[in-house]
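Novice: have a look; sequence and predicted model below, questions after that.
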Amino acid sequence: MTASGRPQVAVLTMGGTIAMRPAEAGAGVRPALAGAELLASVPGLDQAGIGLRVSEIVNKPGASLSLADVCELAGAIGAALADGCAGAVVVQGTDTIEETAYLLDLLVPGDAPVVVTGAMRHPGLAGADGPANLLAAIRVAASRAARGLGALVVLNDEIHAARWVRKAHTASPAAFTSPGHGPVGHVTEGQVAIPVRLARRASVPGPAAVPGPAAIRGVRVGLAVVTLGDDGVPLRSLGEHVDGLVVAALGAGHVPAEMVPALAGLAARMPVVLASRTGAGAVHDHTYAFPGSEADLLARGLISAGDLAPVKARLLLHVLLAAGADAERIREAFAAQRP
């Protein structure tokens with residue numbers, strides 16, 4: 001809280017479309033705007049009754065952010081919350097918002113809202129959505145209704161849980177969806193309404209085991225997308241360069257039978273997580289029993305991702321390995337993700 005009793009929100013900027021300007025006439029846009037410039041562009045912000053503390057972590061396109069950048073960001077958020085901020089807003093490129101938000105869900109404990117936002121249209125375009133998204137995100141971060149939900153994503157006046165959200169369009173201002181669940185709330189006429197509550201947040205082995213940037217850099221986790229006719233040869237090559245692997249399988253958790261020996265061999269020497277590439281729904285446990293089915297792969301030691309998207313399963317496995325979790329803790333953590 002500020003001295004006037006207003007809630008204080010930390011705004012941490014990372015660059016992205018929302019902060020971009022043309023480098024020169026006729027050229028494409030690049031990150032350029034600092035945090036103070038972003039806030040100055042938001043109509044009505046000074047009437048919101050919210051104190052702001054602005055800091056810049058990096059100024060990059062969303063595609064160039066690293067896991068170490070997000071670890072640094074998580075530390076800055078934790079410090080701001082410990083210093084009295086009621087919540088935090090992260091401003092970044094939309095390409096990786098779904099991953100940053102989920103990683104923050106894992107790395108930032110406590111009930112204070114951590115809200116990630118950005119823009120689909122840069123400030124030089126008609127109908128730029130950055131100012132509205134930033135104002136809505138700040139309102140959510142200051143709202144008591146958002147406490148206890150972990151990290152959230154706010155764009156287009158919709159509030160999405162980090163666990164479920166995904167970018168589903170390359171250009172639309174309504175690009176973010178939560179397949180199978182929908183948004184948990186909305187911002188309407190400046191008011192935050194969150195009627196949907198998550199049963200549980202993402203989990204890691206324990207707060208003391210949350211890794212720092214150095215540990216994060218020391219681990220490599222691969223993501224392999226299964227396709228028609230895949231024979232497992234590229235998978236074997238990938239397995240030589242990673243500490244763990246997520247397989248984005250077909251349907252409810254299926255791979256071509258020819259891939260099974262490669263997957264079984266990898267699962268014998270590293271954690272291999274079985275996810276679905278479909279975008280919604282959970283990996284099954286025992287519906288199918290053919291070679292390469294979910295039941296066959298789980299029996300060979302693969303770990304079910306449940307309904308966790310492959311890119312988020314990769315992040316959870318990465319954090320667990322960087323934290324030194326053994327095979328049993330990894331299985332427990334993924335089991336805790338299941339509905």
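Specialist: Now that the structure is in, tell me what you want to look at.
Novice: hmm, who's touching the helix or strand hosting Val273?
Specialist: According to DSSP states H and E, Val273 maps onto strand 272-276. Where contact means C-beta atoms under 8 Å, 6 or more residues apart in numbering, the residues beyond strand 272-276 that reach it are 244-253, 263, 266, 282-283, 294, 297-298, 301-305, 308-310, 313-314, 317, 334. Every residue, glycine included, has its C-beta placed from N, CA and C.
Novice: are any of the residues you listed buried, and which?
Specialist: Burial of these was assessed by neighbour count (16 or more other C-beta atoms under 10 Å); the buried members are 244-253, 263, 266, 282-283, 294, 297-298, 302-305, 308-310, 313-314, 317, 334.
Novice: low-scoring stretches of this structure, by residue?
Specialist: Residue ranges of the chain with pLDDT under 70: 1-4, 24-27, 202-210, 339.
Novice: max-length helix in it?
Specialist: In the chain, ranked by residue count with DSSP state H as the criterion, the top helix is helix 67-82.
Novice: show me what that one is packed up against.
Specialist: Where contact means 3 or more C-beta pairs under 8 Å, 6 or more residues apart in numbering; DSSP states H and E, helix 67-82 is packed against strand 8-15, strand 51-60, strand 87-91, helix 97-107, helix 213-217.
Novice: which among these is found nearest to Ala126?
Specialist: With respect to Ala126, and counting by C-beta to C-beta, the nearest of these is strand 87-91 at 21.1 Å.
Novice: separation between Ala325 and Lys312?
Specialist: 17 Å (C-beta to C-beta, to the nearest Å).
Novice: of the two, who's got more company?
Specialist: Set side by side, Ala325 and Lys312 show more neighbours around Lys312, with 27 against 21, by other C-beta atoms under 10 Å.
Novice: quickly find the element holding the more buried one.
Specialist: Counting by DSSP H and E, the element that carries Lys312 is helix 310-322.
Novice: tell me what that helix is packed against?
Specialist: The helices and strands touching helix 310-322, judged by 3+ C-beta pairs under 8 Å, 6+ apart, are helix 97-107, helix 213-217, strand 221-225, strand 244-249, strand 272-276, helix 327-335.
Novice: from these, which stretch is densest packed?
Specialist: The highest mean neighbour count among the helices and strands packed on helix 310-322 belongs to strand 272-276 (a mean of 28), with neighbours defined as mean count of other C-beta atoms under 10 Å.
Novice: now that strand against helix 310-322, angle please.
Specialist: Between the direction of strand 272-276 and that of helix 310-322, the angle (axes from the mean of the first three to the mean of the last three C-alpha atoms, to 10 degrees) works out to 160 degrees.
Novice: wait, isn't Leu266 in contact with Gly239?
Specialist: Yes - Leu266 is within contact range of Gly239, at 4.6 Å (criterion: C-beta atoms under 8 Å).
Novice: mutual contacts of these two, please.
Specialist: Listed contacts common to Leu266 and Gly239 are Leu245; contacts here mean C-beta under 8 Å, 6+ apart.
Novice: outline the domain layout of this protein.
Specialist: Segmentation of the chain into domains, based on automatic domain parsing, reads 8-193, 207-335.
Novice: and of these, who's closest to Arg201?
Specialist: For those, distance to Arg201 was read as C-beta to C-beta. The smallest value, 4.3 Å, belongs to domain 8-193.
Novice: and for stretch 54-63, what's in contact with it?
Specialist: Applying C-beta under 8 Å, 6+ apart, the contact partners of stretch 54-63 are 10-17, 19, 30-32, 34-36, 39, 65, 69, 72-73, 76, 80, 92-97, 118.
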